[in-house]
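J.: missing the sequence, but the structure's below:
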């Protein structure tokens, strides 16, 4: 489908950001002018309270304009990655972002060179009190901020650091072309958007053909993609050494004030309970009645003859009904999001694959979907709406300084929505087949979000340890590591072949350094919070909404603790595992 063939109501409304592309470029010029103005503060940011106050005001003005421009360019680029002018616009935004970072590289070193007591005295001013946590967080990183000249050098190289990610994204969303397969006399082009749906087909030979043709493409380009991945890991390791961190992982987790112990605890709990993942694989083999279970079999729903197509309008109403336990205000705003075109719904030629929530402090939320009428797509709507409602509540209740939230917290709101939807659909199930399907969906989501993302996290950490040690990571080595992890996680009841061993080459999240583990911790937290919302007190539900409103006004671990979950304790993770084990037992009874 071409972009021009999609109904307007099913596309996001970027005109609410800028009426035209020309307005984007005008904003970019304003950002550049503000950047020059801010450079005049060099050497005198904290010379007196009024200068300090004016600097913070001008810096906020620049940041808000830059973020808005960056979001606009990103959205337009993702609508159709083959449109040259929007690729150029996206590059302009990235170059401008890097240029601002380079121009203002003096800022943090100069602030940290100031006696913190002087800044605290300024912050006693009523207009500046909101900055107290903001500057506590800045001074927390004092030992890892370099001199002005060194920061300027690092900032100038940030343009190069973006290359591995940008190259991969262009390859994966625009340049890569998959072959076709024949189904019922029709030639179907395999894409990233339809791969999972095709792998749910009842015809096993068809699934195998799709699987092998799909992964053969990544296998063909594995050497190139190993090089881009190496560039991503190497850049982060170089920066971590320059900044005096003990490891690149420490640098990544430090941003959210997270201990590396959380990461290690996660992998330990996963391996303590890896029998759940292996038993689910065994159940799939038993259900399908095959002796040679393969990875082309892992997306088939474990419910025979149950299919349900859910078009977007029906999916919208399902999601809104399911989220009613979150309160009238939540539902009112969520419904407005559908009416005000937060969403870009359908796949079109050149559109970025997958789904995400975007936006800035000065825009409405924006949600990219690739809706193909599956039940999984309904859960994707709930998931991304969770992100966007988190953003809405945060921006509506926090000043700009705290108008975002950490990645560690982000996946909790989205997954909580998914679990509320699951509970609603199970409660309103109209057949044993539908109930079994939904139970399978939950167990499969747990497998995909907790176990699979933890496997990704372990792969990422193993590869990073090699890079830290100065060892090369050619495609063959990456495939060996990835294949071994699949054998460990899935057990002996499935064949780990050359194709799945190359899957690392298609995972975009490996270009978001030490990101994926937070899907796992987020899902585990969401299990606890969804139970509190459904079966707890009004105070529990209010605590959850306060979590949505908190933004970055406190450190993420503290925000989550106030919501009722302590992820520094392995017990919280284990409780989620116990829920999964019980659900797997129910699923086995439902389908065998």
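T.: Perfect, I can see it now. A quick note: this is a predicted structure, and the numbers were derived from the prediction, not measured.

J.: what sits against the closest residue to residue 131 other than its chain neighbours?
T.: With C-beta to C-beta, 6 or more residues apart in numbering as the criterion, residue 131 has its nearest non-adjacent residue at 5.6 Å, and that residue is residue 123. Heads up, the C-betas are built off the backbone N, CA and C, glycines and all. Residue 123 makes contact with 129, 131-132, 135 under the criterion C-beta atoms under 8 Å, 6 or more residues apart in numbering.

J.: which one (most neighbours) among those?
T.: Ranked by neighbour count (other C-beta atoms under 10 Å), the contacts of residue 123 have residue 131 at the top, with 20 neighbours.

J.: isn't that residue right up against residue 401?
T.: Yes: taking C-beta atoms under 8 Å as the definition, residue 131 is a contact partner of residue 401 at 6.4 Å.

J.: shared neighbours, these two?
T.: Counting by C-beta under 8 Å, 6+ apart, no residue touches both residue 131 and residue 401.

J.: burial count for the spatially closest residue to residue 203 that is not a sequence neighbour?
T.: Nearest non-adjacent residue to residue 203, counting by C-beta to C-beta, 6+ apart: residue 183, 7.9 Å away. Neighbour count for residue 183, taken as other C-beta under 10 Å: 14.

J.: could you pull up phi and psi at residue 183?
T.: Per-residue torsions, residue 183: phi -140, psi 120 (degrees, to the nearest 10).

J.: residues in contact with it?
T.: Contacts of residue 183 (C-beta under 8 Å, 6+ apart): 201, 203, 206.

J.: could you list the low-pLDDT ranges of the stretch 101-250 of the chain?
T.: In the predicted model, the stretch 101-250 of the chain carries no residue with pLDDT under 70.

J.: list the buried ones in stretch 291-298?
T.: Within stretch 291-298, the residues that count as buried by 16 or more other C-beta atoms under 10 Å are 293-298.

J.: most widely separated two among those?
T.: 293 and 296 (9.4 Å; C-beta to C-beta).

J.: distance of residue 513 relative to residue 242?
T.: Shown here: residue 513 relative to residue 242, a distance of 15 Å by C-beta to C-beta, to the nearest Å.

J.: who has more neighbours out of the two?
T.: Using other C-beta under 10 Å, the more surrounded residue of residue 513 and residue 242 is residue 513, with 21 against 15.

J.: just checking, what's the longest helix in this structure?
T.: helix 49-79 (DSSP state H).

J.: mind listing what's buried along that one?
T.: Buried-residue list, helix 49-79, by 16+ other C-beta under 10 Å: 49, 52, 55-56, 58-59, 61-79.

J.: tell me if I'm right that residue 196 and residue 376 touch.
T.: Yes: using C-beta under 8 Å, residue 196 is in contact with residue 376, at 7.3 Å.

J.: how about the contacts made by residue 180?
T.: Contacts of residue 180 (C-beta under 8 Å, 6+ apart): 187-190.

J.: among the residues you listed, name the ones in helices.
T.: Among the contacts of residue 180, no member falls in helices (DSSP H).

J.: among the residues you listed, who's most crowded?
T.: residue 190 (19 neighbours).

J.: relative to residue 372, how far out is it?
T.: 13 Å.

J.: pull the residues that contact the lowest-mean-pLDDT helix or strand in the chain.
T.: Least confident element among the helices and strands of the chain, by mean pLDDT, DSSP states H and E: helix 158-161 (a mean of 81). The contact list for helix 158-161 (C-beta under 8 Å, 6+ apart) reads 94-95, 98, 101-102, 235, 239.

J.: pretty sure residue 534 contacts residue 423?
T.: Yes: in terms of C-beta under 8 Å, residue 534 counts as a neighbour of residue 423; the distance is 6.0 Å.

J.: more neighbours: which of the two?
T.: Set residue 534 next to residue 423 and count neighbours by other C-beta under 10 Å: residue 423 wins out with 19 against 15.

J.: which secondary structure elements does the helix or strand hosting that one contact?
T.: Assigned by DSSP states H and E, residue 423 falls within helix 407-427. Here helix 407-427 touches helix 312-322, helix 375-397, helix 432-446, helix 517-535, helix 538-550, helix 556-563, going by 3 or more C-beta pairs under 8 Å, 6 or more residues apart in numbering; DSSP states H and E.

J.: which SS state does the residue nearest to residue 524 when sequence neighbours are not counted fall under?
T.: Ranked by C-beta to C-beta, 6+ apart and with sequence neighbours excluded, the top spatial neighbour of residue 524 is residue 576, at 3.8 Å. Under DSSP: H, G, I helix; E, B strand; the rest coil, residue 576 falls in the helix class.

J.: use 750 as the first number from now on
T.: I'll keep to 750 as the first residue from here, and by that count the last item is residue 1325.

J.: burial count for residue 1325?
T.: Residue 1325: 22 neighbours (other C-beta under 10 Å).

J.: just confirm residue 1302 is within a helix.
T.: No: read with three-state DSSP, residue 1302 is coil and lies in no helix.

J.: for it, give me the backbone phi and psi.
T.: Torsion angles, degrees, to the nearest 10, at residue 1302: phi -70, psi -20.

J.: residue 1293 contacts residue 1283, doesn't it?
T.: No: using C-beta under 8 Å, residue 1293 makes no contact with residue 1283, being 10.9 Å away.
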